[in-house]
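Undergrad: sequence first, then the predicted structure:
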Amino acid sequence: MTLQLEPDVAFGMHPDYGVAAAVADARPFLDEVLRKHHFRYSEYLDVYLLADNTPHNTAVRTVARAAREFQDAGLSVAADPRIMIPPPVPTPDGVAARATRPGQSLTALTGELHELRRAADVSEVLGEILDEHHGVVLDLEEFIDTAAAWCERLDTPNGHELGLHLRNIAHHVAFLGDQLVGAQLELAVMPDVTPENAPPLAEVPLPERQEWLRVTHTARARAAMASSPNRPGNAPKPQDEPAPRLQATPTAPSRTR
């Protein structure tokens with residue numbers, strides 16, 4: 001990474017030792033902050049390192065917090081974006097590892113909704129959550145399935161019971177994904193635009209969590225006639241039936257990557 005001005009602190013990825021931090025000089029404050037955030041100085045490499053067993057998400061949060069503390073003190077900070085790329089998920093022999101890329105923040109996507117006016121634009125943002133390769137819903141389903149496998153690996157009655165419970169939760173997540181696809185289709189075909197005089201989204205009260213709002217027959221029919229931007233054209237279409245209640249047992253099969 002070539003910089004025209006040398007920063008006070010630079011964070012990057014060492015090919016053998018993971019997340020590292022380099023400082024411009026030996027000021028005690030720089031050492032104090034890095035050690036506070038669990039970096040340890042390596043005399044051999046002349047850089048600060050996180051422990052090699054630090055989980056990826058923990059390392060990203062650590063860099064963000066340390067960088068903010070330096071910036072709040074008026075110091076300049078540089079960070080290699082490769083720090084954000086997670087390691088690949090282990091796979092069985094013969095199965096290709098899923099390509100990794102910086103994760104899409106669900107918080108950032110929620111923030112985007114506050115700036116959008118067209119229903120079609122909201123549909124696009126929802127598509128980020130439902131993406132078949134990097135979407136939050138499928139990632140969550142895979143995470144829960146993996147957690148279930150971990151419990152089953154204990155080879156105890158409690159482990160097997162909890163594993164079964166987690167797989168049932170993953171089944172619910174898959175069902176949730178199917179419902180969100182339907183909502184995305186409805187948004188994609190709506191020509192509606194938020195009026196200029198509409199109140200800010202942050203000021204619109206949210207319904208109670210226990211309240212279940214039924215979808216009209218018109219909306220369901222419109223979604224059934226639309227082609228999905230995320231699924232094959234021959235995917236089964238939603239049937240005209242009453243909206244399932246929250247406590248209903250999902251019937252959609254669990255999806256795999």
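TA: Structure received.
Undergrad: so which residues of the chain form strands?
TA: If DSSP state E is used as the criterion, the strands of the chain fall at 9-14, 18-23, 40-42, 47-49, 77-79.
Undergrad: dump those strands into CSV; add mean neighbour count as well.
TA: Where you see a C-beta, it was placed from the backbone N, CA and C, and this is true even at glycine. Conversion of the strands of the chain to CSV gives the following (neighbours: other CB atoms under 10 Å):
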stretch, mean neighbour count
strand 9-14, 19
strand 18-23, 20
strand 40-42, 12
strand 47-49, 20
strand 77-79, 18
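Undergrad: for the ones you listed, give me CSV that also has distance to Trp150.
TA: Converted to CSV, these look like this (distance: least, CB to CB, whole Å):
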stretch, distance to Trp150
strand 9-14, 28
strand 18-23, 24
strand 40-42, 30
strand 47-49, 28
strand 77-79, 32
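Undergrad: tabulate these (TSV), appending mean pLDDT and distance to Arg68.
TA: Supplementary listing: the strands of the chain in TSV, determined by pLDDT from 0 to 100; distance: least, CB to CB, whole Å:
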stretch	mean pLDDT	distance to Arg68
strand 9-14	95	12
strand 18-23	95	14
strand 40-42	95	20
strand 47-49	96	17
strand 77-79	95	9
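Undergrad: which among these is found nearest to Ala96?
TA: Set against Ala96 and scored by CB to CB, the strands of the chain come closest in strand 9-14, at 22.9 Å.
Undergrad: quick one, helices of the stretch 51-200 of the chain?
TA: For the stretch 51-200 of the chain, the helices defined by DSSP state H, counting those that start in this stretch cover 56-72, 106-113, 119-130, 136-152, 157-189.
Undergrad: tell me what angle the longest one forms with helix 119-130.
TA: What it means is helix 157-189. 160 degrees (axes from the mean of the first three to the mean of the last three CA atoms, to 10 degrees).
Undergrad: about what we covered before: weakest of the helices of the stretch 51-200 of the chain by average pLDDT?
TA: Comparing mean pLDDT across the helices of the stretch 51-200 of the chain, the weakest is helix 106-113, with a mean of 86.
Undergrad: from what I see, Pro7 and Val77 are in contact.
TA: Yes. Because the distance of 5.8 Å satisfies CB atoms under 8 Å, Pro7 is recorded as touching Val77.
Undergrad: re earlier: out of the helices of the stretch 51-200 of the chain, nearest to Leu49?
TA: helix 56-72 (10.6 Å).
Undergrad: return that closest one as PDB; C-alpha atoms alone will do.
TA: What follows is helix 56-72, C-alpha atoms only, in PDB (Å, rounded to 0.1, in the frame of the first residue of the first chain):
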ATOM      1  CA  HIS A  56     -11.900 -12.800  12.300                       C
ATOM      2  CA  ASN A  57     -14.800 -10.700  13.500                       C
ATOM      3  CA  THR A  58     -13.000  -9.900  16.800                       C
ATOM      4  CA  ALA A  59     -10.000  -8.800  14.800                       C
ATOM      5  CA  VAL A  60     -12.100  -6.500  12.600                       C
ATOM      6  CA  ARG A  61     -13.800  -4.900  15.600                       C
ATOM      7  CA  THR A  62     -10.400  -4.500  17.400                       C
ATOM      8  CA  VAL A  63      -8.900  -2.700  14.500                       C
ATOM      9  CA  ALA A  64     -12.000  -0.400  14.200                       C
ATOM     10  CA  ARG A  65     -11.900   0.500  17.900                       C
ATOM     11  CA  ALA A  66      -8.200   1.100  18.000                       C
ATOM     12  CA  ALA A  67      -8.400   3.200  14.800                       C
ATOM     13  CA  ARG A  68     -11.200   5.300  16.200                       C
ATOM     14  CA  GLU A  69      -9.300   5.900  19.500                       C
ATOM     15  CA  PHE A  70      -6.300   7.100  17.400                       C
ATOM     16  CA  GLN A  71      -8.400   9.300  15.300                       C
ATOM     17  CA  ASP A  72     -10.200  10.800  18.300                       C
END
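Undergrad: quick one: contacts of it?
TA: Applying CB atoms under 8 Å, 6 or more residues apart in numbering, the set of residues contacting helix 56-72 from outside is 8-9, 11, 18-19, 21, 30, 33-34, 36-39, 50, 54, 77, 79, 83-84, 86-87.
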